[in-house]
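Enquirer: I would like to see how this sequence folds:
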Amino acid sequence: MGAIFAVILIALVVAAVALTVPLVALVQRREQRRLEGLAAWASSIGWTTYAGSVEVPWTARLPGANPRGVRCLFTGIYRELPVSMAEYTYQTTHTTYVNGQTQVTTDHHDIVACVVHLPYTYPGIEVAGRGSGSRMWRWLNGPDQAEEVGIDEFDRDFRVHSTHPELVRQVIGPALVRTHLAGMAPNWSLHGTDLLVYWQGRMEPTRVLPAVDSVIRVANLLGR
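Expert: Next up is the predicted model:
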(Lines give C-alpha, C1' and ligand atoms only; values in the text may rest on other atoms or scores of the structure.)
Protein backbone atom coordinates (compact mmCIF):
# COMPACT_ATOMS: atom_id res chain seq x y z
CA MET A 1 0.00 0.00 0.00
CA GLY A 2 2.83 2.39 0.88
CA ALA A 3 4.44 1.78 -2.50
CA ILE A 4 1.17 2.68 -4.26
CA PHE A 5 0.90 5.98 -2.36
CA ALA A 6 4.51 6.76 -3.20
CA VAL A 7 3.89 6.17 -6.89
CA ILE A 8 0.76 8.35 -6.79
CA LEU A 9 2.66 11.12 -4.99
CA ILE A 10 5.48 11.05 -7.53
CA ALA A 11 2.97 11.15 -10.38
CA LEU A 12 1.26 14.20 -8.84
CA VAL A 13 4.59 16.00 -8.44
CA VAL A 14 5.56 15.26 -12.03
CA ALA A 15 2.17 16.50 -13.27
CA ALA A 16 2.49 19.69 -11.21
CA VAL A 17 5.94 20.39 -12.64
CA ALA A 18 4.71 19.67 -16.16
CA LEU A 19 1.93 22.22 -15.73
CA THR A 20 4.06 24.85 -13.97
CA VAL A 21 6.89 25.10 -16.51
CA PRO A 22 4.72 26.16 -19.49
CA LEU A 23 2.70 28.47 -17.24
CA VAL A 24 5.86 30.27 -16.11
CA ALA A 25 6.99 30.58 -19.73
CA LEU A 26 3.60 32.04 -20.68
CA VAL A 27 3.79 34.63 -17.89
CA GLN A 28 7.31 35.59 -18.95
CA ARG A 29 6.24 36.03 -22.59
CA ARG A 30 3.31 38.22 -21.57
CA GLU A 31 5.58 40.37 -19.41
CA GLN A 32 8.08 40.70 -22.26
CA ARG A 33 5.30 41.82 -24.63
CA ARG A 34 4.07 44.32 -22.04
CA LEU A 35 7.54 45.84 -21.63
CA GLU A 36 8.00 45.98 -25.40
CA GLY A 37 4.68 47.81 -25.65
CA LEU A 38 5.83 50.34 -23.05
CA ALA A 39 9.09 50.86 -24.92
CA ALA A 40 7.18 51.43 -28.18
CA TRP A 41 4.92 53.95 -26.46
CA ALA A 42 7.92 55.79 -24.96
CA SER A 43 9.58 55.92 -28.37
CA SER A 44 6.40 57.33 -29.91
CA ILE A 45 6.61 60.41 -27.66
CA GLY A 46 10.37 60.80 -28.08
CA TRP A 47 11.42 59.25 -24.77
CA THR A 48 14.33 56.85 -24.18
CA THR A 49 13.93 53.38 -22.65
CA TYR A 50 16.47 51.75 -20.33
CA ALA A 51 15.56 48.10 -19.88
CA GLY A 52 16.66 45.96 -16.98
CA SER A 53 17.87 46.99 -13.55
CA VAL A 54 18.96 50.64 -13.46
CA GLU A 55 20.44 52.34 -10.40
CA VAL A 56 19.16 55.86 -9.67
CA PRO A 57 19.63 57.86 -6.45
CA TRP A 58 15.96 58.56 -5.78
CA THR A 59 15.05 54.92 -5.04
CA ALA A 60 16.23 55.72 -1.50
CA ARG A 61 12.97 57.69 -1.09
CA LEU A 62 10.74 54.86 -2.32
CA PRO A 63 9.20 52.16 -0.12
CA GLY A 64 11.76 49.46 0.56
CA ALA A 65 14.62 51.74 -0.58
CA ASN A 66 15.76 49.00 -2.97
CA PRO A 67 18.76 50.36 -4.93
CA ARG A 68 18.30 47.65 -7.58
CA GLY A 69 14.52 47.90 -7.65
CA VAL A 70 14.09 49.79 -10.94
CA ARG A 71 13.33 47.19 -13.63
CA CYS A 72 12.72 49.63 -16.46
CA LEU A 73 13.28 53.38 -16.80
CA PHE A 74 11.89 55.88 -19.30
CA THR A 75 13.33 59.38 -19.66
CA GLY A 76 12.38 62.36 -21.78
CA ILE A 77 11.37 66.00 -21.89
CA TYR A 78 7.80 66.99 -21.08
CA ARG A 79 6.57 70.57 -20.87
CA GLU A 80 10.19 71.71 -21.13
CA LEU A 81 11.30 69.73 -18.06
CA PRO A 82 13.34 66.50 -17.93
CA VAL A 83 11.27 63.61 -16.59
CA SER A 84 12.01 60.06 -15.44
CA MET A 85 9.35 57.34 -15.16
CA ALA A 86 10.18 53.96 -13.69
CA GLU A 87 8.68 50.66 -12.69
CA TYR A 88 10.12 49.73 -9.31
CA THR A 89 9.75 46.63 -7.16
CA TYR A 90 10.63 45.64 -3.62
CA GLN A 91 9.92 42.78 -1.24
CA THR A 92 8.68 42.49 2.32
CA THR A 93 8.83 39.38 4.49
CA HIS A 94 6.49 38.32 7.27
CA THR A 95 7.34 35.70 9.88
CA THR A 96 4.63 33.69 11.60
CA TYR A 97 4.78 30.81 14.06
CA VAL A 98 2.40 27.90 13.56
CA ASN A 99 2.48 24.80 15.77
CA GLY A 100 6.00 25.62 16.88
CA GLN A 101 7.28 26.06 13.32
CA THR A 102 8.49 29.25 11.69
CA GLN A 103 6.89 30.23 8.39
CA VAL A 104 8.30 33.09 6.32
CA THR A 105 6.10 34.72 3.67
CA THR A 106 7.55 37.00 1.00
CA ASP A 107 5.37 39.61 -0.69
CA HIS A 108 6.31 41.44 -3.90
CA HIS A 109 5.26 45.07 -4.35
CA ASP A 110 5.10 47.02 -7.61
CA ILE A 111 5.50 50.80 -7.69
CA VAL A 112 5.40 53.38 -10.48
CA ALA A 113 7.66 56.36 -9.81
CA CYS A 114 7.58 59.73 -11.55
CA VAL A 115 10.45 62.18 -11.10
CA VAL A 116 10.55 65.69 -12.52
CA HIS A 117 14.09 67.08 -12.52
CA LEU A 118 13.97 70.75 -11.59
CA PRO A 119 16.39 73.51 -12.64
CA TYR A 120 16.93 74.65 -9.05
CA THR A 121 18.06 72.90 -5.86
CA TYR A 122 15.67 72.68 -2.90
CA PRO A 123 15.96 71.46 0.69
CA GLY A 124 14.64 68.01 1.48
CA ILE A 125 10.87 68.26 2.00
CA GLU A 126 7.94 65.83 1.89
CA VAL A 127 4.17 66.39 1.89
CA ALA A 128 1.73 63.55 2.55
CA GLY A 129 -1.90 63.27 3.53
CA ARG A 130 -2.38 62.52 7.21
CA GLY A 131 -3.73 59.15 8.28
CA SER A 132 -5.96 58.65 11.31
CA GLY A 133 -2.96 58.05 13.57
CA SER A 134 -1.25 61.27 12.51
CA ARG A 135 -4.47 63.23 12.95
CA MET A 136 -4.92 61.82 16.47
CA TRP A 137 -1.29 62.56 17.37
CA ARG A 138 -1.71 66.19 16.27
CA TRP A 139 -5.01 66.49 18.14
CA LEU A 140 -3.38 65.20 21.34
CA ASN A 141 -0.09 67.08 21.08
CA GLY A 142 -1.08 70.22 19.23
CA PRO A 143 0.36 71.74 16.05
CA ASP A 144 4.02 71.23 15.16
CA GLN A 145 5.06 74.83 14.78
CA ALA A 146 8.43 73.88 13.26
CA GLU A 147 7.15 72.08 10.14
CA GLU A 148 3.57 73.25 9.63
CA VAL A 149 2.73 75.95 7.10
CA GLY A 150 0.43 77.88 9.43
CA ILE A 151 -2.82 77.31 7.51
CA ASP A 152 -4.91 75.17 9.83
CA GLU A 153 -7.10 73.53 7.18
CA PHE A 154 -3.98 72.32 5.38
CA ASP A 155 -2.06 71.39 8.52
CA ARG A 156 -4.95 69.23 9.77
CA ASP A 157 -5.01 67.21 6.56
CA PHE A 158 -1.35 67.12 5.51
CA ARG A 159 1.90 66.24 7.23
CA VAL A 160 5.09 68.06 6.23
CA HIS A 161 8.59 66.85 6.98
CA SER A 162 11.74 68.72 6.01
CA THR A 163 15.48 68.64 6.59
CA HIS A 164 15.23 72.44 6.90
CA PRO A 165 11.98 73.19 8.78
CA GLU A 166 12.72 76.90 8.77
CA LEU A 167 12.25 76.91 4.96
CA VAL A 168 8.94 75.03 4.83
CA ARG A 169 6.79 78.17 4.55
CA GLN A 170 9.02 79.53 1.81
CA VAL A 171 8.60 76.39 -0.30
CA ILE A 172 4.91 75.69 0.42
CA GLY A 173 3.02 78.92 -0.20
CA PRO A 174 -0.70 79.77 -0.36
CA ALA A 175 -1.12 78.76 -4.02
CA LEU A 176 0.32 75.29 -3.44
CA VAL A 177 -1.76 74.94 -0.28
CA ARG A 178 -4.95 75.75 -2.21
CA THR A 179 -4.04 73.18 -4.85
CA HIS A 180 -3.61 70.48 -2.22
CA LEU A 181 -6.88 71.37 -0.53
CA ALA A 182 -8.64 71.19 -3.90
CA GLY A 183 -7.34 67.63 -4.35
CA MET A 184 -5.26 68.61 -7.38
CA ALA A 185 -1.82 67.77 -5.97
CA PRO A 186 -0.47 64.31 -5.06
CA ASN A 187 1.72 63.41 -2.11
CA TRP A 188 5.28 64.33 -3.07
CA SER A 189 8.85 64.53 -1.87
CA LEU A 190 11.62 66.84 -3.00
CA HIS A 191 15.34 66.45 -2.53
CA GLY A 192 17.85 68.59 -4.39
CA THR A 193 16.49 68.86 -7.92
CA ASP A 194 14.35 65.69 -7.90
CA LEU A 195 10.61 66.08 -7.32
CA LEU A 196 9.21 62.58 -6.76
CA VAL A 197 5.70 61.11 -6.80
CA TYR A 198 4.87 57.40 -6.74
CA TRP A 199 1.88 55.07 -6.61
CA GLN A 200 1.26 51.34 -6.37
CA GLY A 201 0.79 49.25 -9.49
CA ARG A 202 2.37 48.89 -12.89
CA MET A 203 2.86 51.47 -15.59
CA GLU A 204 -0.03 52.18 -17.92
CA PRO A 205 0.69 54.57 -20.82
CA THR A 206 -2.70 56.28 -20.45
CA ARG A 207 -1.84 57.27 -16.87
CA VAL A 208 1.72 58.45 -17.40
CA LEU A 209 1.32 61.94 -18.84
CA PRO A 210 -1.61 62.93 -16.56
CA ALA A 211 0.57 61.85 -13.62
CA VAL A 212 3.48 63.90 -14.92
CA ASP A 213 1.12 66.87 -15.29
CA SER A 214 0.21 66.62 -11.60
CA VAL A 215 3.89 66.58 -10.60
CA ILE A 216 4.70 69.54 -12.84
CA ARG A 217 1.74 71.37 -11.31
CA VAL A 218 3.46 71.03 -7.92
CA ALA A 219 6.80 72.06 -9.43
CA ASN A 220 5.30 75.24 -10.88
CA LEU A 221 3.78 76.19 -7.52
CA LEU A 222 6.85 75.70 -5.33
CA GLY A 223 7.41 78.91 -3.40
CA ARG A 224 4.04 80.34 -4.42
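Enquirer: ok, now which ones touch Leu222?
Expert: Shown in contact with Leu222 (CB atoms under 8 Å, 6 or more residues apart in numbering): 118, 122, 171-172, 176, 190. Backbone N, C-alpha and C define where each C-beta goes, glycine included.
Enquirer: Ignore what I typed, I meant Val98.
Expert: Taking CB under 8 Å, 6+ apart, one finds nothing in contact with Val98.
Enquirer: One more: Ile45?
Expert: Per CB under 8 Å, 6+ apart, neighbours of Ile45: 76, 209.
Enquirer: how about a cut-off of 10 Å?
Expert: Residues near Ile45 by CB atoms under 10 Å, 6 or more residues apart in numbering: 74, 76-78, 205, 208-209.
Enquirer: Go through those residues and name the one nearest Met184.
Expert: Checking the contacts of Ile45 against Met184 by CB to CB gives Leu209 as the nearest, at 15.8 Å.
Enquirer: Shouldn't that closest one be within a helix?
Expert: Yes - checked against DSSP: H, G, I helix; E, B strand; the rest coil, Leu209 lies within a helix.
Enquirer: Correct me if wrong: it contacts Tyr78.
Expert: Yes - using CB atoms under 10 Å, Leu209 makes contact with Tyr78 at a distance of 7.0 Å.
Enquirer: Between those two, which is the more surrounded one?
Expert: It is Tyr78, of Leu209 and Tyr78, that has more neighbours when counted by other CB atoms under 10 Å, with 18 against 14.
Enquirer: Please give me every residue in contact with the more buried one.
Expert: 45-47, 85, 116, 208-209, 212-213, 215-216.
Enquirer: of the contacts of Leu222, closest to Thr106?
Expert: Once CB to CB is applied, the member of these that ends up nearest Thr106 is Leu190, at 32.0 Å.
Enquirer: what residue is smack in the middle of the protein?
Expert: Tyr198 (3.4 Å; CA atoms, centre = their mean).
Enquirer: correct me, but it touches Pro63?
Expert: Yes - the pair Tyr198 / Pro63 is scored as a contact, 7.9 Å apart, by CB under 10 Å.
Enquirer: What sits closest to the residue nearest to the centre of the chain if chain neighbours are left out?
Expert: Leaving aside its chain neighbours, Tyr198 sits nearest to Ala113 (4.4 Å; criterion: CB to CB, 6 or more residues apart in numbering).
Enquirer: List the beta-bridge partners for that neighbour.
Expert: Ala86, Tyr198 (DSSP bridges).
Enquirer: what about it, distance to Arg33?
Expert: 22 Å (CB to CB, to the nearest Å).
Enquirer: just Asn187 next, same as before
Expert: Taking CB to CB, one finds Asn187 at 32 Å from Arg33.
Enquirer: quick one: least confident helix or strand in the protein?
Expert: For the chain, using mean pLDDT, DSSP states H and E, the weakest element among its helices and strands is helix 2-44, scoring a mean of 67.
Enquirer: Quick check: buried residues in stretch 131-146?
Expert: Arg138 (16 or more other CB atoms under 10 Å).
Enquirer: quick one: average confidence on that stretch?
Expert: In this model, stretch 131-146 has an average pLDDT of 73.
Enquirer: Now that Phe154 has come up, it's in contact with Val168, right?
Expert: No - the criterion here is CB under 10 Å, and Phe154 misses it with Val168 at 11.4 Å.
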